[in-house]
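> Just a sequence and a predicted model for now, questions to come.
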Amino acid sequence: MKIATWNVNSLKVRLPHLQDWLRQHSPDIVCLQETKLEDDKFSAVDVEACGYCCAYSGQRTYNGVAILSRLPAADVQIGIPEYDDPQRRVIAGTFSGIRIVCVYVPNGESVGSQKYEYKLAWLERLTAWLAAEVLRYPRLAILGDFNIAPEDRDVYDPTTLAGQVLFSEPERAAFKRLIGLGLVDSFRLFDQPERSFTWWDYRMNMFKRKLGLRIDHILVTPALASVCRTCIIDREIRARERPSDHAPVLAELAI
DNA sequence: ATGGCGGCTCGCAGCCGA
């Protein structure tokens, strides 16, 4: 089973890229973020034409998440239970007995801003909810744009970026608490090239200069980690014309 | 020190992303 996550930064604009990518990789599950589409505008027909079912929770302009899958989802959950968040950032479903949680963590704007406080509060709610979910679903994967680079090797320059949003201590501590639930960063199960990133700023030619951050992740429970065979970042689609600023992350489970 | 790109909007400039 191949599972993937990709922040498409507008599904409307990126639909051709997505269709190509689905045909190229034939993943079983794809978690999308920043679809930026209200539910009645979701391109369900185009996705179904590629052979995928979809579950989605969107809004216009900002945010929006979706799960595409070969088989239909069971027990779809939208949002974090008992957390009244108007922003569409979470969708979950069960596929062949595997619980898939798709997240778009708030970006946090800058350290100390209101959006930063919202990000930290949001992460606390996510972690509290997932603490129960990992017990309920031994085979669970959480995929998405976490907007956090966990370690020095996940950023192009840990000195310059120290204390900055996406890499600040409180954000990294929040990520560690999430990992502390017993989750495994599937990317680090394997040897990886140095300077492996998933996001590059559109500005300043950051992609061509290979200056990015690894902020999109696939975290899995130990039961799934033990059957995880590969985890890679697909930079190829980021190099195309009119790309998303994020690259997809793809993991293969021997299931 | 600032903004730099790209996507969005009852657009034509300003917000937001990360």
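Noted; the coordinates are in hand.

> Only C-alpha atoms from now on, for both contacts and neighbour counts.
Will do.

> Show me where chain A has its helices.
Taking DSSP state H as the test, the helices found in chain A are A:11-25, A:44-49, A:114-136, A:158-161, A:169-179, A:222-225.

> DNA strand B is nearest to which of those?
Closest approach to DNA strand B among the helices of chain A is made by helix A:11-25 (5.2 Å; C-alpha to the nearest atom of the strand).

> what residues does that closest one touch?
Helix A:11-25 has contacts (C-alpha atoms under 8 Å, 6 or more residues apart in numbering) with A:8, A:34, A:35, A:36, A:37, A:43, A:47, A:50, A:237, A:243, A:244.

> Restricting to C-alpha, output it in CSV.
These are the backbone C-alpha positions of helix A:11-25, laid out as CSV (Å, rounded to 0.1, in the frame of the first residue of the first chain):
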residue,chain,number,x,y,z
LEU,A,11,-6.4,22.2,-6.1
LYS,A,12,-8.0,24.2,-8.9
VAL,A,13,-4.6,25.3,-10.2
ARG,A,14,-2.8,22.0,-9.5
LEU,A,15,-5.4,19.6,-10.8
PRO,A,16,-3.4,18.7,-14.0
HIS,A,17,-0.3,18.1,-11.9
LEU,A,18,-2.3,16.0,-9.5
GLN,A,19,-3.8,13.9,-12.3
ASP,A,20,-0.3,13.3,-13.8
TRP,A,21,1.1,12.5,-10.4
LEU,A,22,-1.7,10.0,-9.6
ARG,A,23,-1.1,8.2,-12.9
GLN,A,24,2.7,8.2,-12.4
HIS,A,25,2.8,6.9,-8.9
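
> Pull out the buried positions in that helix.
Buried residues in helix A:11-25, counting neighbours by 16 or more other C-alpha atoms under 10 Å, are found at A:11, A:15, A:17, A:18, A:21, A:22.
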